[in-house]
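In: Take a look and give me a structure for this.
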Amino acid sequence: MIGRITGTLIEKLPPTLCVDVNGVGYDIDVPMSTLYNLPDLGSRVTLYIHLTVREDAHILYGFATASERSAFRELIKVSGIGARIALAVLSGMSVGDLAQAITLQEPGRLTRVPGIGKKTAERLLLEMRGKLGADLGVAAHAIPDAQTDILNALLALGYSDKESQTALKSLPDSASVSDGIRLALKSLVR
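Out: Predicted coordinates for the structure are as follows:
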């Protein structure tokens with residue numbers, strides 16, 4: 001089994017890249033989060049690898065961190081989630097955001113990922129409950145209830161997950177839901 005590859009990055013054709021390791025070029029599919037953090041062509045790169053062996057192909061999936069690879073492996077264990085959808089999930093949200101969505105059982109955050117509908121999101125949350133969050137040390141009380149309500153309100157208003165999380169960080173911990181929404185909207189307008 002191939003667990004890690006270190007070599008020279010010679011090609012980027014999203015979502016695939018090619019890494020030259022001592023004269024052998026390995027085509028590796030990566031999530032966009034990994035692709036965006038790669039160095040320039042010709043630079044040395046190390047990727048954590050998941051190898052899938054099928055009847056017609058051996059496919060390498062690469063990740064910048066071991067936690068991304070671990071999340072990918074948990075995602076593909078869920079019925080109805082293949083490697084492409086798992087890569088889309090990791091491209092659309094960080095591992096921490098995914099773990100938080102699973103811990104807090106928020107299907108709305110997952111349905112924003114292309115290829116994941118409401119039923120798939122609910123199945124994913126059900127089958128991954130207690131797996132990913134525990135691995136990454138995400139506690140069930142990671143976000144207080146008022147902040148969860150504020151986050152859900154901002155998401156319902158059409159703000160992206162990243163914008164909403166940034167706005168939440170600027171709020172005082174003691175903010176009520178109504179005050180928090182008002183303050184978060186003010187910070188988002190700036």
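In: What residue in this protein is the furthest from its centre?
Out: Largest separation from the mean C-alpha position in the chain: Gly23, at 32.0 Å (Cα atoms, centre = their mean).
In: What residue spans form the domains of the chain?
Out: The chain breaks down into these domains under automatic domain parsing: 4-63, 66-136, 145-189.
In: so which of the ones you listed is the most packed in?
Out: domain 66-136 (a mean of 18; mean count of other Cβ atoms under 10 Å). Glycine gets a C-beta too; all of them are placed from N, C-alpha and C.
In: Go ahead and measure how far it is from the middle of the chain.
Out: 7 Å (Cα atoms, centre = their mean, to the nearest Å).
In: With stretch 22-42 instead?
Out: That offset, for stretch 22-42, works out to 18 Å (Cα atoms, centre = their mean).
In: Equivalent analysis for stretch 25-45, please.
Out: 17 Å.
In: coming back round to it: in a markdown table: the domains of the chain, plus mean pLDDT.
Out: Below are the domains of the chain laid out as a markdown table (pLDDT from 0 to 100):
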| stretch | mean pLDDT |
| --- | --- |
| domain 4-63 | 94 |
| domain 66-136 | 87 |
| domain 145-189 | 82 |
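In: list the contacts for the nearest residue to Gly117 once chain neighbours are set aside?
Out: Nearest-residue entry for Gly117: Thr111, 6.5 Å, with adjacent residues in sequence omitted and distances by Cβ to Cβ, 6 or more residues apart in numbering. Contact analysis of Thr111 by Cβ atoms under 8 Å, 6 or more residues apart in numbering lists Gly117, Lys118, Ala121.
In: Just want to check the distance between the first one and Gly108.
Out: Gly117 is 12 Å from Gly108, where distance means Cβ to Cβ, to the nearest Å.
In: Just list what whichever strand or helix holds Leu75 packs against, helices and strands only.
Out: Leu75 belongs to helix 66-77 when elements are defined using DSSP states H and E. On a contact count with 3 or more Cβ pairs under 8 Å, 6 or more residues apart in numbering; DSSP states H and E, helix 66-77 meets strand 44-53, strand 58-63, helix 83-92, helix 95-103, helix 118-128, helix 132-136.
In: Out of those, flag the one nearest Arg73.
Out: strand 44-53 (6.3 Å; Cβ to Cβ).
In: thinking again about what came up before, tell me who's in contact with the residue farthest from the centre of the chain.
Out: Counting by Cβ under 8 Å, 6+ apart, Gly23 has no contacts.
In: same deal with Lys12?
Out: Leu35, Leu38, Leu41 are the contacts of Lys12 under Cβ under 8 Å, 6+ apart.
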